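Trainee: build me a model from this:
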Amino acid sequence: CRDIKEKFRQFKLFNTEDSSLHNGFEIHTHPTTFEAFREMDWAKLIDESGLDFHNETCGLHVHVNRGALSKLTLWKVCRFLFENLTLTTFIADRYDTDQFNDYAQFSEGFLSDFKYYFSKGRLHFGNKYQAINFCHKETIEFRFFGGCSSVGKLYEKIEFLQSLFDWTKETSLQGLSVES
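Mentor: Now for the predicted structure:
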């Protein structure tokens, strides 16, 4: 484990233990831009670490700075993901919605809660085990992605989120559909 920690430091990453993992740990990046993320040598990290990033206990959580997206854009992102669960499941690399387990729930009342808190001018609600976690002070956490079997899959997931953010910034509420 010490060797792995040292390798992570070389890539400006760090790891922590997580009570939900019975035999493993979480890997974290420091806050970064999408462009800086793309410049990291993920293939080298995966090759040199010897870790399996694609198994039933592996997932990808992406933290996005709260200040990067307006409340309206966040509403559109959440609404799109929830109203298009088949696409979300496919992009997330999950086989079906049952794989959004206790640690990444797409709760039935989430969009209602979002609207309620949005109308009150605040967006801290729910619990940390929701697919989209609004409990962190500085970030929104997208917790629903499965592990990454390749660097290409890692990029696909991050690029999907970035594209969704960019698209929802420019799209009207009426234009939020897969057909758009």
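
Trainee: just checking, what packs against the longest helix belonging to the chain?
Mentor: Longest helix of the chain, by residue count under DSSP state H: helix 151-170. Judged by 3 or more CB pairs under 8 Å, 6 or more residues apart in numbering; DSSP states H and E, helix 151-170 is in contact with helix 34-39, helix 42-49, strand 59-65, helix 71-83, helix 85-91. (Glycine included, C-beta is placed from N, CA and C.)

Trainee: one more time with 7 Å
Mentor: helix 42-49, strand 59-65, helix 71-83 (3 or more CB pairs under 7 Å, 6 or more residues apart in numbering; DSSP states H and E).

Trainee: ok, residues contacting the longest one?
Mentor: Around helix 71-83, the neighbours that count as contacts under CB atoms under 7 Å, 6 or more residues apart in numbering are 88, 106, 110-111, 114, 118, 123, 132, 140, 164-165, 168-169, 171, 173, 176.

Trainee: starting at the chain centroid, how far to it?
Mentor: Relative to the chain's own centre, helix 71-83 is displaced by 14 Å; criterion: CA atoms, centre = their mean, to the nearest Å.

Trainee: out of the contacts of helix 71-83, which end up buried?
Mentor: 88, 106, 110-111, 114, 118, 132, 140, 164-165, 168, 171, 176 (16 or more other CB atoms under 10 Å).

Trainee: what number of residues lie near D102?
Mentor: A total of 7 residues lie near D102 under the criterion other CB atoms under 10 Å.
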